[in-house]
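Peer 1: no FASTA, just this:
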């Protein structure tokens, strides 16, 4: 397996790079509209795990893709992730007061500012990808944009969020939850490795392996998240827990049970790793990261 | 001046083309998330004037730009305009119940659906522009995307909306309102002619003339809108009127008075037309459209 690395350190390094990039890409707070930029910064520069950027950068490194391109694509992806959190936390959606260990945007500012800051972060993501700074080849940029719009739109993340909103009223089975999660969180996780493949000019077979890897990883990640919701420590996680249970909402853990959910995570983790076989030792870090991210306590 | 055209008819033709294009571009309503697409359609397919698409298509025609490219760019622009209306109408923003003669999205559906439908329309705009169907040259597509993101983002439309939200609390002078409107509504109107110039490969001097034209037109349009708010017929306009006055908010009419505002519109209209001189008779339709759109009663 090659060198064993310190994952906490490696994740922290990637997270710091992404935070620095976002700090430079989000407009400075000035003018009468300064609170808008402050709210964007509150949402995007907070202490996030930056899991999606991590997978984008590590998958891109397998193709020796230029780091600047990867980092800008990762920053754009994180803008979309952060905007979705800001809107999901709104009172008319999940109504959360606390995120990443700090007040949510509508709590720290107000609801109108949260709506607008989310809108502006989503718009900024496409601005970042469209710039020549991201990649000299406009075909690559257009492809990155098209796939991000697919992953984040009505047939991707936003569609998944819509299902999540509606189905709190009706009983859910495993198939419904699986499809909802593939859209709501899986689509953006898959985009991470797909963007790496686009920038790295991956071959068809490699792209397909990356897609298989991130599909399994994304689902495993969500089940692990439900496990954390059921068994984790609120202080360490930085947000309210047991929300699904308290809301009477079914999730992977309420359906599969804790042991069943843990087995499912292990199965998906093994499958995810198998997809990476064609990359041989280049996949060393991605392989090790699977267990690490699925075994987290926060 | 060449032929005098029937503007009601011409606007209607353009509006119908854009509506047909949007109908094809917005995903059909299916699956458990079908209400999301229904809400997108409610917002985007309603009976809008389609002024921005009109200026994009008519400016593009001066350069003999391919109509398919213009129409797709116009549809993307209209998606952004419609998303901004959906979010602006939310209870935490302008709290409007009625738009284009029908209930607003959060009234016809609910608030969560309105937030998500707006998000999905914004995302769709970039998806449309990124597709090879919009233009074979990816450099053109990337440029269209970059400028749309600039016009719609924190330093454009969303920034203007933020100022509008904040300043309802404090007194406004003419300079503040002018800057706010240049961002809030002017940026997207300017994008209409700018996109036409990008697709039509306009020269530097032509682009600059288009920018001057749309700057003046955008401001005149907003003052005309304030006049309509003060003097129009609610039934004909299809939304609540005298909102600024009732909210104690200053606008161009409360500051300049009705006569002063009318004079300002005329001055800006004349200036706008002067910018078009370099296009000679090709600008015939745009020239005539200025008076038409500024003289509207709905």
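Peer 2: Sure, I can see it. All of these numbers come straight from a predicted model, not from anything done at the bench.
Peer 1: Mind listing what's buried along stretch A:72-87?
Peer 2: Using 16 or more other C-beta atoms under 10 Å in any protein chain shown as the test for burial, stretch A:72-87 gives A:72-87. Glycine gets a C-beta too; all of them are placed from N, C-alpha and C.
Peer 1: from memory residue A:121 sits against residue A:41, does it?
Peer 2: No: under the criterion of C-beta atoms under 8 Å, residue A:121 lies out of contact with residue A:41, with a separation of 10.0 Å.
Peer 1: Inside helices: which ones of the buried residues of stretch A:72-87?
Peer 2: Judged by DSSP state H, helices contain the following of these: A:72-87.
Peer 1: So which residue is smack in the middle of chain A?
Peer 2: residue A:52 (4.4 Å; C-alpha atoms, centre = their mean).
Peer 1: Run through the stretch 101-250 of chain A and note the low-pLDDT ranges.
Peer 2: A:167-171, A:233-246 (pLDDT under 70).
Peer 1: okay, now residue A:207: neighbour count?
Peer 2: The tally of other residues near residue A:207 (other C-beta atoms under 10 Å in any protein chain shown) stands at 17.
Peer 1: what's the nearest residue to it if we skip its chain neighbours?
Peer 2: residue A:197 (4.6 Å; C-beta to C-beta, 6 or more residues apart in numbering or on different chains).
Peer 1: ok, the one you found - contacts?
Peer 2: The contact partners of residue A:197, by C-beta atoms under 8 Å, 6 or more residues apart in numbering or on different chains, come to A:59, A:63, A:206, A:207, A:210.
Peer 1: change it to 7 Å
Peer 2: For residue A:197, the contacting residues are A:206, A:207, A:210, by C-beta atoms under 7 Å, 6 or more residues apart in numbering or on different chains.
Peer 1: before we move on, back to that, which one of residue A:121 and residue A:41 is surrounded by more residues?
Peer 2: residue A:121 (31 against 18).
Peer 1: Correct me if wrong: the more buried one contacts residue A:40.
Peer 2: Yes: between residue A:121 and residue A:40 there is a contact under C-beta atoms under 7 Å: 5.6 Å.
Peer 1: Could you pick out the residues of the stretch 51-200 of chain A near chain B for me?
Peer 2: Residues of the stretch 51-200 of chain A found near chain B (C-beta under 7 Å from any C-beta of the partner chain) are A:87, A:90, A:92-93, A:111-112, A:115-116, A:119-120, A:122-124, A:126-127, A:130-131, A:138-139, A:141-142, A:145-146, A:149-150, A:152-155, A:158-159, A:161-163, A:165-167.
Peer 1: Selecting buried members of these in PyMOL, what would you type?
Peer 2: To isolate the buried ones among those in PyMOL, judged by 16+ other C-beta under 10 Å, type:
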select buried, chain A and resi 87+90+92+93+111+112+115+116+119+120+122+123+124+126+127+130+131+138+141+142+145+146+149+150+152+153+154+155+158+159+161+162+163+165+166+167
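Peer 1: Provide a complete list of residue ranges assigned to helices in the stretch 101-250 of chain A.
Peer 2: A:105-108, A:111-130, A:138-152, A:157-166, A:174-181, A:187-199, A:204-231, A:234-237, A:243-246 (DSSP state H, counting those that start in this stretch).
Peer 1: From chain B, how far off is residue A:69?
Peer 2: Distance of residue A:69 to chain B, given as C-beta to the nearest C-beta, to the nearest Å: 14 Å.
Peer 1: residues near that residue, how many?
Peer 2: By other C-beta under 10 Å, the residues close to residue A:69 number 23.
Peer 1: Return the backbone torsion pair for it.
Peer 2: Torsion angles at residue A:69 (phi, psi; degrees, to the nearest 10) stand at phi -60, psi -50.
Peer 1: Does it touch residue A:134 like I think?
Peer 2: Yes: contact criterion C-beta under 7 Å: residue A:69 and residue A:134 qualify, at 5.8 Å.
Peer 1: which residues touch stretch A:253-270?
Peer 2: Under C-beta under 7 Å, 6+ apart, the answer for stretch A:253-270 is A:174, A:216, A:219-220, A:223-224, A:226-227, A:230-231, A:244-245, A:252, A:290-291, A:294.
Peer 1: Please identify which of these is nearest to chain B.
Peer 2: residue A:174 (14.5 Å; C-beta to the nearest C-beta).
Peer 1: tally of neighbours for the closest residue to that closest one other than its chain neighbours?
Peer 2: Spatially, and ignoring its direct neighbours in sequence, residue A:174 is nearest to residue A:255 (5.5 Å; C-beta to C-beta, 6+ apart). The tally of other residues near residue A:255 (other C-beta under 10 Å) stands at 15.
Peer 1: how near is residue A:255 to residue A:249?
Peer 2: Applying C-beta to C-beta, to the nearest Å, the value for residue A:255 to residue A:249 is 11 Å.
Peer 1: Now do the shared contacts for these two.
Peer 2: Counting by C-beta under 7 Å, 6+ apart, nothing touches both residue A:255 and residue A:249.
Peer 1: which residues does residue A:143 contact?
Peer 2: residue A:198.
Peer 1: actually residue A:113, not the one I wrote
Peer 2: The contact partners of residue A:113, taken as C-beta under 7 Å, 6+ apart, are A:35, A:36, A:39, A:105.
Peer 1: got it, and residue A:282?
Peer 2: Each residue near residue A:282 by C-beta under 7 Å, 6+ apart is listed here: residue A:62.
Peer 1: Just confirm it is within a helix.
Peer 2: Yes: assessed with DSSP: H, G, I helix; E, B strand; the rest coil, residue A:282 lies in a helix.
Peer 1: measure it to chain B for me?
Peer 2: Distance, residue A:282 to chain B, using C-beta to the nearest C-beta: 29 Å.
Peer 1: From the contact counts, what lies against the helix or strand hosting residue A:285?
Peer 2: Per DSSP states H and E, residue A:285 falls inside helix A:284-294. Helices and strands touching helix A:284-294, as assessed by 3 or more C-beta pairs under 7 Å, 6 or more residues apart in numbering or on different chains; DSSP states H and E, comprise helix A:7-25, helix A:51-61, helix A:204-231, helix A:252-275.
Peer 1: what separates stretch A:38-53 from the chain centre, distance-wise?
Peer 2: 11 Å (C-alpha atoms, centre = their mean, to the nearest Å).
Peer 1: what's that stretch in contact with?
Peer 2: So stretch A:38-53 is in contact with A:11, A:14-15, A:18-19, A:22-23, A:26, A:29, A:74, A:77-79, A:81-82, A:85-86, A:100-102, A:105, A:108-109, A:113-114, A:117, A:120-121, A:188-189, A:192, A:293, B:154, going by C-beta under 7 Å, 6+ apart.
Peer 1: at 6 Å instead, please
Peer 2: A:14-15, A:18-19, A:22, A:26, A:29, A:74, A:77-78, A:81-82, A:86, A:100, A:102, A:105, A:108-109, A:113, A:117, A:120-121, A:188, A:192 (C-beta atoms under 6 Å, 6 or more residues apart in numbering or on different chains).
Peer 1: Now do that stretch, average pLDDT.
Peer 2: Mean pLDDT, computed over stretch A:38-53, is 95.
Peer 1: Also stretch A:68-78?
Peer 2: 98.
Peer 1: what do you get for stretch A:10-20?
Peer 2: Here stretch A:10-20 scores 94 as its mean pLDDT.
Peer 1: Residue A:94: helix or strand, and which one exactly?
Peer 2: Residue A:94 belongs to no helix or strand when assigned by DSSP H and E.
Peer 1: Good, we can wrap up now.
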